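Enquirer: model this:
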Amino acid sequence: MYAETPTRRWTLRVITPVMAAIVGLLTLFMSPWSDSASAHGSIVEPASRSYGCWDRWGGDHMNPDMAEEDPMCWQAFQANPNTMWNWMSLFRENLAGNFQGSIPNGKLCSAGDAQGGLATSLDNPGEWTTTDVGSDFSVHLYDTASHGADYFQVYVTRQGFDPTTDALGWDDLELVEETGSYPPAQDITFDVSAPGRSGHHIVYTIWQASHLDQTYFICSDVNFG
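Expert: Below you'll find the model as predicted:
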């Protein structure tokens, strides 16, 4: 046995908390419903772009197969992984209902750069993975913070819009559902109807939370069969 030097003891005191912090971060990122995710919420069915990428690849985001199997998630992870880790944070505050005046065309899926420019990859057109739906389908909000809702507005892109080539603008959307209020809950599900569509579309959900003037803007890619 060799004697432990003061330098070695100091080094261990520094390294140990650093390693603990790294392990803690990894645990946070890999947890299915982490404390970070519980801070806010998002649409998980049909999956939002950021949530879908995190759900499919959060535990395997360095896998090069993502580039071929899920290219839009790949480009989002390359741009900034925090967009997916913070899949619940696409919100803006104090807009007073002035959504179209606050979020420019082409920036709807990032909520107008809601994460300080980190989420702009969500605005890029391309082959986003879709959820199969019919003309009538359900929208499911997951929110462990249980903010509740003053209302939801659900829009769907008009027939002829191509999410693989076109950046999303307000004129591309048709309002198909506006709900009333919901009390605080971790899960809120409601039904919408969007007939007359086929193929790849974007469902755009606006969730006005009840606890303060905090509004979430969420893109989900769907395939109408």
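Enquirer: OK, contacts around E127?
Expert: Going by Cβ atoms under 8 Å, 6 or more residues apart in numbering, E127 touches P71, M72, T164. All C-beta atoms are positioned from the backbone trio N, CA, C, and that covers glycine.
Enquirer: now the first one, nearest residue through space, not along the chain?
Expert: In other words, P71. E127 (6.0 Å; Cβ to Cβ, 6 or more residues apart in numbering).
Enquirer: name the SS class of the one you found, please.
Expert: Of the three states, E127 takes coil under DSSP: H, G, I helix; E, B strand; the rest coil.
Enquirer: isn't N80 up against G116?
Expert: No: applying Cβ atoms under 8 Å as the test, N80 and G116 come out as separate, 10.1 Å apart.
Enquirer: in stretch 121-141, what's buried?
Expert: S121, L122, D123, N124, P125, W128, T129, T130, V133, F137, V139, L141 (16 or more other Cβ atoms under 10 Å).
Enquirer: related to what we said a few turns ago, I'd like to know how far the residue nearest to P71 sits from G169.
Expert: For E127, the distance to G169 (Cβ to Cβ, to the nearest Å) stands at 20 Å.
Enquirer: for the residue nearest to P71, phi and psi?
Expert: Torsion angles at E127 (phi, psi; degrees, to the nearest 10) stand at phi -80, psi 70.
Enquirer: A145 is in what secondary structure piece?
Expert: Using DSSP states H and E, A145 is not contained in any helix or strand.
Enquirer: ok, it touching F91?
Expert: No: at 11.3 Å, A145 does not count as touching F91 under the criterion of Cβ under 8 Å.
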